[in-house]
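Participant: Fold the stuff below for me.
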Amino acid sequence: MKIAIVGGGIGGLATALAMTQAGIKVTVHERSAQLVDQGAGITLAPNATRVLYHLGLGPALEETAVTPPQTEYRHYRTGAVIMRMMIKDFRALYGAPYLRLHRWDLQHAMITRLAQIAPVALRLGSHVENLESHSDNVTLTLANGRIETADIVVAADGIRSAIRETLFHPAPPVFSGFVAWRGLVDTADLPQHLHESAVAFGHGRHINRYLVRRGELLNFVAIAHRDQWEAEGWNIPAPMDEFLAEFASFDEGTRTIISRPVRGQVFKWGLFGRPWLEQWSSGRVVLLGDAAHPMLPFLGQGAANALEDAMILTRCLTAAATPEKAFTLYQQTRGPKVRGATEQAARRGDRYLGEPNADSLKGNEPGAEYAYDAVSGPLGG
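Facilitator: The predicted structure follows:
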């Protein structure tokens, strides 16, 4: 079986690793000529790291990952602690750790591992312009005019998936009412007491900060409730004065952190929800990760669900007699869980709208999602 994967992000690379490990030949088409450091952090709960460790990435991730002893939820204006959540021994509880990483450290580890087990699988600067699904294969037309065929195409081309738009004609995205900023701070530029994990929140704004890359960097994501629509993107530079003014009412420690981003650079984007897509496959083309089920960031499970998709889809393809049966099994296995997580993530944004208090944080402890086992759990509904 020959599989083409469109997209070289976390979901696409995880799919390539899982399928190669299962003995399936893959090619990853990534339109960017070079995969680069996008300067962002990522939180990986045990349900995500379980997949990554199964793919042989554990040692590489542990070289740079940070596991904080606790996370504090604080009043945005005073900095007073409202709730303190201790980080448990998740490896003992769930068989996999809880890790916080620089996103590029994760992606680089995946690229390096793929180069070891499938040296020519990743093709950079390979832009798929068109797909045509037939009864027994899929024809891919590349931007350079080259035409290739594959038995199956996995579309892992992200939240603004061109393949989803072309083949599935989904309803347009809906602005969630939230705008986000992100940045990284060199901890050498911060006093020691600010080297911590904390969420400051209240009155429609919150800032989540945590250490990455052996504690050398502190990642922050700031979110504000807005009525005005903002562009959707990941790498849109934002004016520092506008950003600092938005969060000027926050406590001194938080203001110190967000005023010192690396190279004075922060990025801004609008958060958009998508109506649920009932069907993730069309012929021999199947969607994965954000291309199938974009998720607002309030649950911290977006990347985890892409990793789970990669593992489950691989298992379904090896278990089912035909691609069509594999896709049905994949959707039966993933659909209910992912839909529940997507809806829960959308609701969670509301907890930051009013006056900060412990009641607004009820239910914030990790749930059943941490125990989910995409590596060896049951397939099917």
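Participant: elements contacting the helix or strand where A109 lies?
Facilitator: A109 is part of helix 103-117, with elements assigned from DSSP states H and E. In terms of contacts (3 or more C-beta pairs under 8 Å, 6 or more residues apart in numbering; DSSP states H and E), helix 103-117 is packed against helix 10-21, strand 41-44, helix 58-62, strand 122-124. The C-beta positions use only the backbone N, C-alpha and C, and glycine is treated the same way.
Participant: Show me what the first one is packed up against.
Facilitator: Right, the one you point to is helix 10-21. strand 2-6, strand 25-30, helix 46-54, helix 103-117, helix 302-319.
Participant: The same query, at a cut-off of 10 Å, please.
Facilitator: strand 2-6, strand 25-30, helix 46-54, helix 103-117, strand 122-124, strand 152-155, helix 302-319 (3 or more C-beta pairs under 10 Å, 6 or more residues apart in numbering; DSSP states H and E).
Participant: So for the residue nearest in space to the middle of the chain, what's the nearest residue that isn't a sequence neighbour?
Facilitator: Centroid check for the chain by C-alpha atoms, centre = their mean gives A303 as the closest residue, at 2.8 Å. Of all residues not flanking A303 in the chain, I10 sits nearest, at 5.4 Å (C-beta to C-beta, 6 or more residues apart in numbering).
Participant: Touching, that neighbour and H108? I think so.
Facilitator: No: between I10 and H108 there is no contact under C-beta atoms under 10 Å: 11.5 Å.
Participant: between these two, which one's more packed in?
Facilitator: I10 (26 against 15; other C-beta atoms under 10 Å).
Participant: So, low pLDDT: which residues of this protein?
Facilitator: Low-confidence segments of the chain, defined by pLDDT under 70: 230-234.
Participant: quick one, longest strand in it?
Facilitator: strand 174-186 (DSSP state E).
Participant: Relative to F243, which of the helices and strands packed on helix 103-117 is closest?
Facilitator: In terms of C-beta to C-beta, the element of the helices and strands packed on helix 103-117 nearest to F243 is strand 41-44, at 17.3 Å.
Participant: Mind giving me the packing neighbours of that closest one?
Facilitator: By 3+ C-beta pairs under 10 Å, 6+ apart, strand 41-44 packs against helix 46-54, strand 99-102, helix 103-117, strand 174-186, strand 205-212, strand 217-225, helix 302-319.
Participant: Skipping its backbone neighbours, what lies nearest S360 in space?
Facilitator: Leaving out its chain neighbours, the residue that sits closest to S360 by C-beta to C-beta, 6+ apart is R351, at 4.6 Å.
Participant: for the one you found, what are its contacts?
Facilitator: 73, 201, 206, 298, 359-364 (C-beta atoms under 10 Å, 6 or more residues apart in numbering).
Participant: before we move on, the earlier item: quick one: the residue nearest to the centre of the chain from A65, how far?
Facilitator: As defined by C-beta to C-beta, to the nearest Å, A303 lies at a distance of 14 Å from A65.
Participant: So for the two, which residues contact both of them?
Facilitator: Common neighbours of A303 and A65 (criterion: C-beta under 10 Å, 6+ apart): 44, 106.
Participant: gap between the residue nearest to the centre of the chain and A200?
Facilitator: Relative to A200, and taking C-beta to C-beta, A303 is found at 23 Å.
Participant: Ok, Q38 next?
Facilitator: Taken as C-beta to C-beta, the span from Q38 to A200 is 24 Å.
Participant: Look at the two and report which has more neighbours.
Facilitator: Between Q38 and A200, A200 has the larger neighbour count (other C-beta under 10 Å), namely 29 against 13.
Participant: Now do the same contact list for the more buried one.
Facilitator: 72-79, 82, 206-209, 220, 222, 247, 250-251, 253-255, 257, 352, 356.
Participant: Surely it is in a strand?
Facilitator: Yes: assignment of A200 by DSSP: H, G, I helix; E, B strand; the rest coil places it within a strand.
Participant: Name whatever forms a beta bridge with it.
Facilitator: Beta bridges link A200 to R74, I207 when assigned by DSSP bridges.
Participant: on that earlier part again, and the contacts of R351, which two are the farthest apart?
Facilitator: It's F298 and D359 that sit farthest apart of the contacts of R351, by C-beta to C-beta, at 17.2 Å.
Participant: Looking at the two, which is more packed in?
Facilitator: The neighbour comparison of F298 against D359 (other C-beta under 10 Å) goes to F298, with 22 against 9.
Participant: how near is the residue nearest to A303 to V51?
Facilitator: Separation of I10 from V51 (C-beta to C-beta): 11 Å.
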